[in-house]
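**Q** Mind folding the following:
(one chain, ligands or ions: 1)
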Amino acid sequence: MGDNPASRLIIASLLGLAMIGNAGAAGPDNFNGDARRGADLVKNYRCGTCHDIPGVAGANGNVGPPLHRIGTRTYIAGYIQNSPDNMAAWIEDPQKALPGNAMPRMGIPQKDARDIAAFLYTLK
Ligand code: HEC
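**A** Residues are numbered from 1 along each chain as shown. Okay, here's the model as predicted:
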């Protein structure tokens, strides 16, 4: 589409529809997350004490694997198929996702986990 008022109107309408769609609660069929908020949450939850995370100041931990290009990784923790829902579930409760692994449960609410997952998917 070119840069003309009609195409802008179409884009604006599509964005409006997407926002209406987002009004519902996050569920397996309507995954959504706010990547910018997720980036702040990654700082606040101090994921960087254990992970090297591109674009997050001071996140250079080496307890867990670096999260470079995690958005295109095939498996989470070498075991779980990488999908937005599985990523959010991992962040919410890694011990439920893969019992006994070395990442602790941090008590992260679902909404925060989804926003963090959205941020992680920007790492390609
Ligand atoms: C106390 C250290 C620690 C903290 C804090 C921590 N993690 Fe982890 N994380 C780990 C370890 C260890 C693993 C590796 C688990 C495995 O592979 O069995 C891991 C794995 C992961 C993976 C999968 C990586 C891969 O290569 O498959 C992701 C994604 C992840 N963590 C995200 C986060 C996020 C986001 C936070 C903050 C909310 C966080 N972690 C906080 C230790 C930590």
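
**Q** so where is this protein shaky, pLDDT-wise?
**A** For the chain, the stretches flagged by pLDDT under 70 are 1-3, 5, 7-31.

**Q** hang on, residue 63 packs against residue 49?
**A** Yes. Applying C-beta atoms under 8 Å as the test, residue 63 and residue 49 come out as touching, 7.3 Å apart. Every residue, glycine included, has its C-beta placed from N, CA and C.

**Q** who's more crowded, the two?
**A** More crowded of residue 63 and residue 49, by other C-beta atoms under 10 Å: residue 49, with 13 against 9.

**Q** Tell me which residues touch that one, please.
**A** Residue 49 is in contact with 61, 63, counting by C-beta atoms under 8 Å, 6 or more residues apart in numbering.

**Q** And the helices in this structure?
**A** Assigned by DSSP state H, the helices in the chain fall at 5-22, 35-44, 84-92, 94-97, 110-120.

**Q** What are the buried residues along the third one?
**A** Put plainly, it is helix 84-92. Neighbour counts over helix 84-92 (16 or more other C-beta atoms under 10 Å) mark 84, 87, 88, 89, 90, 91, 92 as buried.

**Q** For residue 116, state which of those is nearest.
**A** residue 91 (5.2 Å; C-beta to C-beta).

**Q** what's near enough to touch the nearest residue to the closest one once chain neighbours are set aside?
**A** Nearest residue to residue 91 in three dimensions, chain neighbours excluded: residue 113, at 4.1 Å (C-beta to C-beta, 6 or more residues apart in numbering). Residues near residue 113 by C-beta under 8 Å, 6+ apart: 88, 89, 91, 92.

**Q** Find the nearest non-adjacent residue to residue 110, please.
**A** Per C-beta to C-beta, 6+ apart, closest to residue 110 is residue 92, 5.8 Å.

**Q** Just to check, the one you found is in contact with residue 115?
**A** No. In this structure, residue 92 is not within contact of residue 115 by C-beta under 8 Å, at 11.4 Å.

**Q** Write out the residues of the protein neighbouring the ligand.
**A** With the criterion set to C-beta under 6 Å from any ligand atom, the chain comes near the ligand through 42, 45, 47, 49-51, 63-65, 67, 70, 73, 76-78, 91, 101-104, 106, 108, 116, 120.
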